[in-house]
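[1] sharing a model prediction with you, sequence too.
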Amino acid sequence: MLKRFWPWFWFTVGAMYFLVPLYATFDFSLRARRGELSFAAYANVLNDIKFVESFWFSFQTALATIVISALVIVPTAYWVQLRLPRLRPVIEFFTLLPFVVPAVVLVFSLARTYSRTPLTDSREGLWVLLIGSYVILSFPYMYRAVDTGLRSINIHDLTEAAQSLGAGWFTILARVIFPNVYTALLSGAFITFAIVMGEFTIAALLAQPAFGPYMNRLASSRVYEPSALAIISFALTWAAIAAIQWIGQGAQARVAGPR
Amino acid sequence: MAFLELVNVRKSFGASVAVENFNLAVERGEFVSFLGPSGCGKTTTLRMVAGFEKPTAGRIVIDGVDVTDTPPNRRNIGMVFQSYALFPNMTVADNIGFGLKIARRPADEIRARVEELLRIIHMSEFGRRYPYQLSGGQQQRVALARALAIQPKLLLLDEPLSALDAKIRASLRQEIREIQRQLGITTIYVTHDQEEAMALSDRIVVMSRGRIEQIGTPFEVYNFPATRFVASFVGTLNLLQATVVDAAIGLVSVEGQSIRVARPLTQHRSGDAVSLALRPELIALDGQINSEVNRLSGTVEDVTFLGSIVRVRVRLSANKLHFDLFNNPQLRPPQPGSLITVQFAPEACLVLGEDASPAHPMSASAAQAA
């Protein structure tokens, strides 16, 4: 009996640690109107044109970041595993750099390096610079996810099988490698999505109308709306995780191998 | 001119030489196996034929065209891998049709070819399944069909049965051979399993340390091994330490017991230390051979029941000897500890010198007796 008690006790303590602040935030977000519970704060947030604009801007930026990261990182990780396995430690060291170099240092370095170029003297240029910064920021998550995905399949034999059937490098990447690292790519993509949606420092310093700076401004000027926004972000994150699970189920089963 | 030619092929990885002075000519429709222990260079040679490795020196010619520098996707060679290498994201039908789609063949032609190959491998109802839904044997059949779909000039199989259990291995190797004969496709098969190589091949290339030790039919390789390595690697062999007594008449001594071999030992002098090689199946219990025989006496050390045969291990003194008896439920096999005399014909003896080559090969009559 005691054997069953302790696991449940610690599970409950852990769950409370996460759920109580969440409930408190949710409860607080419902008290925008004095004396009643309502979704007024949510309505205020969703009706704010700046919310929609900043969310849409960050959404587009996140998608662009994911696409560029996938196009750069999948072929890189594939080639490193296939032909340059000795380079893996070097690449892994690079993947740690975004954790070590603070975002503020990164953005000033980029701005300084690309000053007096079209990247810093136009709105579109700055957007490109922002996406470039996010690609660097998401590098550890995307690379490691893709690298793990590639390790779960026998890329050497799959590549050689495709080659012997007449496929060139582009076909191998497009028809064999990408579909088989789809789940891994997706999990990296959603982490990237979450990072980009909430990122503040780089977007603020590059003066971009992103969702992160919007949330920050809202937190300093409103009372209940930031809590409502936190719950909306939380719901979006869970929706993204559910999407990973749902989309990934079929693909995971296919690469599981013989039973 | 042979269909596939490997001329003075050499492959080294840094200072280490994987394949040295490899020369081979394979006729159209022939089934040739590369046989040897791990690290002997057989897979490296196969990979050079496929185009996955570039020879350090030498030429590879297929159907009169020098393909040494041709990339693998332009060689039109079908390859089957030990790991099956089926594309996990594609169904069985898509896997088989992959090469044809790359070649941009019409959809109707692809469908017809896929159906034909599914029929050949007896998996017509499995077209919509994914690789993970198949057993290992089924996956390897799909891999074979996929390799054959593109109607390759050459079919390469790299230890395709190694990952399968014994029963499936035996049935699948039969199937591979039947399909190969049916399609008449020139095939190179890599294996370290001598039984597999002998059961499948028109010719076997026995390799050791990157070099060819012998090229021959299974009959030749087993019965007339060209080198000491081939003699010991192919089949089970008893190696007895012996001393030449009279080289001119082919007389040697094994622990004081005289043994006569079929021919004079022209490469040896009296008193030379040699090894006497004997196949277990050429040794019989005393009294079972009526012609001129050699006899050796010793103590039965172990008796192993292997189903259709019973393998008996006899200790002479310093030497040990194995021989096989057909299982006969009416006869009791020799008991461990009992004294026993075995006999064998002089033609069954292969005398190996201290160098790599045999003093003389086993004679044809001895081989036929096997």
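    Yep, that arrived.

[2] pLDDT of the helix or strand that residue B:195 is a member of, averaged?
    Element membership of residue B:195 [criterion: DSSP states H and E] is helix B:194-200. On average, the pLDDT along helix B:194-200 is 92.

[3] who does the following helix or strand past that helix touch, helix- and strand-wise?
    Using DSSP H and E, the next helix or strand after helix B:194-200 towards the C-terminus is strand B:203-208. For strand B:203-208, the packing partners by 3 or more Cβ pairs under 8 Å, 6 or more residues apart in numbering or on different chains; DSSP states H and E come out as strand B:31-35, helix B:42-50, strand B:211-216, helix B:218-223, helix B:228-233. To be clear about C-beta, it is placed using only N, CA and C from the backbone, and glycine gets the same treatment.

[4] let me see the mean pLDDT of the shortest one.
    On average, the pLDDT along strand B:31-35 is 96.

[5] need the helices for the stretch 1-150 of chain A, in chain order.
    Using DSSP state H, counting those that start in this stretch, the helices found in the stretch 1-150 of chain A span residues A:2-29, A:40-47, A:49-82, A:88-100, A:103-113, A:123-151.

[6] got those as CSV, with distance to chain B columns?
    Formatted as CSV, the helices of the stretch 1-150 of chain A follow (distance: least, Cβ to the nearest Cβ, whole Å):
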stretch, distance to chain B
helix A:2-29, 34
helix A:40-47, 39
helix A:49-82, 12
helix A:88-100, 20
helix A:103-113, 36
helix A:123-151, 12
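
[7] so where's the chain shaky on pLDDT?
    In the absence of a named chain, this looks at chain A. The model of chain A has pLDDT under 70 over residues A:1, A:244, A:247-259.

[8] actually it's chain B I care about, not the one you picked
    Filtered on pLDDT under 70, chain B yields the residue ranges B:287-292, B:353-370.

[9] residues from it in reach of chain A?
    Within chain B, the positions adjacent to chain A are B:50-52, B:71-79, B:81, B:83, B:85-89, B:98-99, B:102-103, B:130-132, B:134-136, B:139, B:143, B:146-147, B:150, B:156 by Cβ under 8 Å from any Cβ of the partner chain.

[10] number of residues surrounding residue B:195?
    Residue B:195 has 14 neighbours, counted by other Cβ atoms under 10 Å in any protein chain shown.

[11] what sits against it?
    By Cβ atoms under 8 Å, 6 or more residues apart in numbering or on different chains, residue B:195 lies in contact with nothing.

[12] at 10 Å instead, please
    Listed by Cβ atoms under 10 Å, 6 or more residues apart in numbering or on different chains, the contact partners of residue B:195 are B:169, B:170, B:173, B:218, B:234, B:235.

[13] distance of it from residue B:201?
    Between residue B:195 and residue B:201 the distance is 11 Å, computed by Cβ to Cβ, to the nearest Å.

[14] intersection of neighbour lists for those two?
    Shared contacts of residue B:195 and residue B:201, defined by Cβ under 10 Å, 6+ apart, comprise residue B:218.

[15] in which helix or strand does residue B:180 reside?
    Counting by DSSP H and E, the element that carries residue B:180 is helix B:166-183.

[16] CA atoms of the helix holding residue B:195 as CSV?
    Provided in CSV are the C-alpha atoms of helix B:194-200 (Å, rounded to 0.1, in the frame of the first residue of the first chain):
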residue,chain,number,x,y,z
GLN,B,194,30.8,-21.4,-47.8
GLU,B,195,27.6,-23.6,-48.0
GLU,B,196,25.7,-20.7,-49.4
ALA,B,197,28.4,-20.0,-52.0
MET,B,198,28.6,-23.6,-53.0
ALA,B,199,24.8,-24.0,-53.3
LEU,B,200,24.3,-20.9,-55.4
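
[17] roughly how far out does that helix sit from the chain middle?
    With Cα atoms, centre = their mean, to the nearest Å as the basis, helix B:194-200 stands 5 Å off its chain's centre.

[18] any chance of CSV for the helices of the stretch 1-150 of chain A, columns distance to residue A:215?
    As requested, those are exported to CSV (distance: least, Cβ to Cβ, whole Å):
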stretch, distance to residue A:215
helix A:2-29, 14
helix A:40-47, 10
helix A:49-82, 8
helix A:88-100, 22
helix A:103-113, 16
helix A:123-151, 16
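
[19] closest to residue B:46 out of the ones you listed?
    helix A:49-82 (19.2 Å; Cβ to Cβ).

[20] quick one on the thing from earlier: for residue A:200, which of the helices of the stretch 1-150 of chain A is the nearest?
    helix A:103-113 (8.6 Å).

[21] elements contacting that closest one?
    Applying 3 or more Cβ pairs under 10 Å, 6 or more residues apart in numbering or on different chains; DSSP states H and E, we find helix A:103-113 packed against helix A:123-151, helix A:201-205.

[22] thinking residue A:165 is in contact with residue B:74, fair?
    No. Assessed by Cβ atoms under 10 Å, residue A:165 is found out of contact with residue B:74, at 11.6 Å.

[23] quick one: which of these two has more around it?
    Counted by other Cβ under 10 Å, residue A:165 and residue B:74 do not tie: residue A:165 has more neighbours, with 29 against 12.

[24] so what's the more buried one closest to, chain neighbours aside?
    residue B:99 (3.5 Å; Cβ to Cβ, 6 or more residues apart in numbering or on different chains).

[25] hmm, residue A:162 and that neighbour touching each other?
    Yes. Contact criterion Cβ under 10 Å: residue B:99 and residue A:162 qualify, at 8.8 Å.

[26] re the thing from before, got CSV for the helices and strands packed on strand B:203-208, with mean neighbour count too?
    Shown next, in CSV, are these (neighbours: other Cβ atoms under 10 Å in any protein chain shown):
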stretch, mean neighbour count
strand B:31-35, 26
helix B:42-50, 24
strand B:211-216, 20
helix B:218-223, 20
helix B:228-233, 22
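
[27] tabulate the ones you listed (JSON lines), appending distance to residue B:20.
    Putting these into JSON lines (distance: least, Cβ to Cβ, whole Å) gives the following:
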{"stretch": "strand B:31-35", "distance to residue B:20": "14"}
{"stretch": "helix B:42-50", "distance to residue B:20": "11"}
{"stretch": "strand B:211-216", "distance to residue B:20": "5"}
{"stretch": "helix B:218-223", "distance to residue B:20": "20"}
{"stretch": "helix B:228-233", "distance to residue B:20": "15"}
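
[28] quick one: residue B:40 and residue B:46 touch, right?
    No. Taking contacts as Cβ under 10 Å, residue B:40 lies outside contact range of residue B:46: 11.8 Å.

[29] what do the two both touch?
    With Cβ under 10 Å, 6+ apart, residue B:40 and residue B:46 have common neighbours residue B:34.

[30] so how far is residue A:226 from residue B:61?
    Following Cβ to Cβ, the distance that separates residue B:61 from residue A:226 is 75 Å.

[31] re the thing from before, which of the helices of the stretch 1-150 of chain A sits most buried?
    Comparing the helices of the stretch 1-150 of chain A by mean neighbour count (mean count of other Cβ atoms under 10 Å in any protein chain shown), helix A:123-151 ranks first with a mean of 20.

[32] tell me the first helix or strand C-terminal of that helix.
    Using DSSP H and E, the helix or strand that follows helix A:123-151 in sequence is helix A:155-164.

[33] quick one on the thing from earlier: filter the contacts of residue B:195 to the buried ones?
    B:169, B:173, B:218, B:234, B:235 (16 or more other Cβ atoms under 10 Å in any protein chain shown).

[34] quick one: contacts for the third one?
    Neighbour list for residue B:218: B:33, B:35, B:194-195, B:197-204, B:234 [criterion: Cβ under 10 Å, 6+ apart].

[35] likewise for residue A:196?
    Neighbours of residue A:196 in contact, by Cβ under 10 Å, 6+ apart: A:58-66, A:130-131, A:133-135, A:137-138, A:202-203, A:210-212.

[36] sticking with it, tell me its helix or strand.
    helix A:182-198.

[37] show me what counts as buried in that helix.
    Those would be A:182-197, for helix A:182-198 by 16+ other Cβ under 10 Å.
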